[in-house]
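Trainee: structure for the following, please:
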Amino acid sequence: MKDRYGRSIDYLRISLTDRCNLRCRYCMPDGADFLPHSEILRYEEILRLARAAIDLGIHNFKVTGGEPLVRRGAVEFVEQLKQLPGCGQVTLTTNGVLLEELALPLARAGVDGINVSIDALDPARYAAITGYDVLDKVLRGVQASLAAGIRTKLNCVLLASAEPEIVPLAELAGRWPVDVRFIELMPIGEGSAGGGLPPQRARALLLERWPNLHPVNERRGNGPAHYEASEGLKGRIGWIDAVSHRFCEQCNRLRLTSTGELKPCLCYDASVDLRALLRAGAPDDALRAAIAQAVEHKPAHHCFDQYEEITEHRRMAQIGG
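Mentor: Purely as a prediction, here's the structure:
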C-alpha cells in the first residue's frame, strides 16, 4: 500500500499493553497510571485489524508494549497472528525479564525475531536505569532466545549517563551472534527532558575499539536501522537515529496502540480510532477504509528537531514502543 508520498507502507507495530515490569526512567518511571483492561483491545480485535491490514498490503508485524510478555496469552497471540493467511514476519520487542521461560514457546509459536532492550551491562547502572536488579535474568533470556534458534537483536537507548556502557554492550556482538543497535533518545514523554548521548559520540567510542568499523548495505529487519560491520564482531552494530539522521523518506510503518489508535507518525498526536469502529460493529470494509485513511494522512516527515512542533506528549509505553 502506497501513501501520498509514494512510500510503501507494509509494517505495523502492535502494542499489546501499556504495562511493564520495569520502570526505565526514560520511559515509565514510578507513579505511572495504567489503563483499565476494558480499554485495551482484546486479542480477537487485534487479529481482526491485522487481517484488514494484510488485505491492504501490510504483511509484517512487530509486537510491542509496554512489555508485551506481561500480558497473559501473548505467546498464543503471536502464534495466531503468524498463522493469518498472508502474514509475513512477526517479531517481538521485550525487556527480556520473562524471556528465559518464554523463548522456546515463542520459537514454537513461529516468531521470526526478538529484540531485547538492554541499556547497561554494569548491574548497578542497569538497576539505576530500569529500577530493578534483574540484569542476570535478562542476559539468560538473551541466551535462551539464541538457544531456541531465534534471530536476536539487542537494543540500547543512548543515554548520556550510560556512556561507559557503549563499548561493553557492543562487545556482545563479538561474543554472541547478535546485532547490537543503538537508539537515539526520542523527545517523547520522559525523553523530552533530554539526557541523550549523541550517536556521533557513541560511534567515536566504537571506532576507538574497532577502527575498521564500516557501513554495510544490508537490510536486517523491517525497520529503519542502518548497520556497520567489523572483522572483530560476529553480529552487526546498528543505528536508529531518527532525530539526527531523519529517515522519513523511507518510513514504512504505522503504530497501533493498545487502545486501538492507529498512528501514522510517532511525532504527532493524530490517529484513527479503530477501537470505536470495532466495538460499534463496523464491517471489515470500514476497518480497511479507516486504515487506508491513516495511511493517506501519514505526514512527509517528523519534527523531532523542532520540539515546539511536536504534538504527541504521551509516554512511549502508552503509545507503543
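
Trainee: surely residue 70 is in contact with residue 21?
Mentor: Yes - look at residue 70 against residue 21 with Cβ atoms under 8 Å: they come within range, at 5.4 Å. C-beta coordinates here come from the backbone N, C-alpha and C atoms, glycine included.

Trainee: give the residues shared as contacts by those two.
Mentor: Common neighbours of residue 70 and residue 21 (criterion: Cβ atoms under 8 Å, 6 or more residues apart in numbering): residue 98.

Trainee: and the closest residue to residue 247 other than its chain neighbours, what is it in contact with?
Mentor: Counting by Cβ to Cβ, 6 or more residues apart in numbering, residue 224 is the residue found nearest to residue 247 once chain neighbours are left out, at 4.7 Å. By Cβ under 8 Å, 6+ apart, the residues touching residue 224 are 240, 242, 247, 250-251.

Trainee: pull up the distance across stretch 186-197, start to finish.
Mentor: Using Cα to Cα, to the nearest Å, the end-to-end distance of stretch 186-197 comes to 11 Å.

Trainee: whoops, stretch 117-135 was the one
Mentor: With Cα to Cα as the measure, the ends of stretch 117-135 fall 11 Å from one another.

Trainee: quick one: that stretch to chain centroid distance?
Mentor: The chain centre lies 19 Å from the centre of stretch 117-135; the measure is Cα atoms, centre = their mean, to the nearest Å.

Trainee: just to revisit the earlier point, quick one: which of the contacts of residue 224 is most hemmed in?
Mentor: Neighbours here mean other Cβ atoms under 10 Å. Within the contacts of residue 224, the largest count is held by residue 251, at 25 neighbours.

Trainee: measure that one to residue 235 for me?
Mentor: Residue 251 sits 25 Å away from residue 235, taking Cβ to Cβ, to the nearest Å as the criterion.

Trainee: follow-up on the earlier one: the residue nearest to residue 247 belongs to a strand?
Mentor: No - assessed with DSSP: H, G, I helix; E, B strand; the rest coil, residue 224 is coil; it does not lie in a strand.

Trainee: begin at 13 from now on, thanks
Mentor: Fine by me, first position is 13 from now on; the one you just mentioned is residue 236.

Trainee: which pLDDT value goes with it?
Mentor: Listed pLDDT for residue 236 reads 79.

Trainee: next: residue 254.
Mentor: In this prediction, residue 254 carries a pLDDT score of 72.

Trainee: what's the answer for residue 326, then?
Mentor: Looking at residue 326, the pLDDT reads 58.

Trainee: in stretch 121-133, which residues are buried?
Mentor: Within stretch 121-133, the residues scored as buried using 16 or more other Cβ atoms under 10 Å are 121, 123-133.

Trainee: same check on stretch 151-168?
Mentor: 151-154, 156-158, 160, 162-168.

Trainee: from those residues, pick the one nearest residue 47.
Mentor: For these, the minimum distance to residue 47 (Cβ to Cβ) is 24.5 Å, reached by residue 167.

Trainee: show me what that closest one is bridged to.
Mentor: When bridges are called by DSSP bridges, residue 167 pairs up with residue 129, residue 193.

Trainee: go ahead and confirm it touches residue 127.
Mentor: Yes - in this structure residue 167 lies within contact range of residue 127 using Cβ under 8 Å: 5.2 Å.

Trainee: so what sits against both of those two?
Mentor: Residues touching both residue 167 and residue 127 (Cβ under 8 Å, 6+ apart): 105, 193.

Trainee: mind pulling up the pLDDT for residue 231?
Mentor: pLDDT, residue 231: 88.

Trainee: check residue 104 too.
Mentor: Here the pLDDT value assigned to residue 104 is 98.

Trainee: for it, give me its contacts.
Mentor: Neighbours of residue 104 in contact, by Cβ under 8 Å, 6+ apart: 74-76, 80-81, 90, 118, 123, 125-127.

Trainee: helices - which of those land there?
Mentor: 90, 118 (DSSP state H).

Trainee: got the contacts of residue 104 as CSV, with distance to residue 20 and pLDDT columns?
Mentor: Shown next, in CSV, are the contacts of residue 104 (distance: Cβ to Cβ, whole Å; pLDDT from 0 to 100):
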residue, distance to residue 20, pLDDT
74, 16, 97
75, 21, 98
76, 21, 96
80, 26, 97
81, 30, 98
90, 24, 98
118, 28, 98
123, 24, 98
125, 20, 98
126, 25, 98
127, 22, 98
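
Trainee: helix, strand, or coil at the residue lying closest to residue 128 once chain neighbours are set aside?
Mentor: Leaving aside its chain neighbours, residue 128 sits nearest to residue 108 (4.3 Å; criterion: Cβ to Cβ, 6+ apart). What three-state DSSP gives for residue 108 is coil.

Trainee: which residues of the stretch 213-333 of the chain fall in helices?
Mentor: Applying DSSP state H, counting those that start in this stretch to the stretch 213-333 of the chain gives helices spanning 286-291, 296-308, 328-331.
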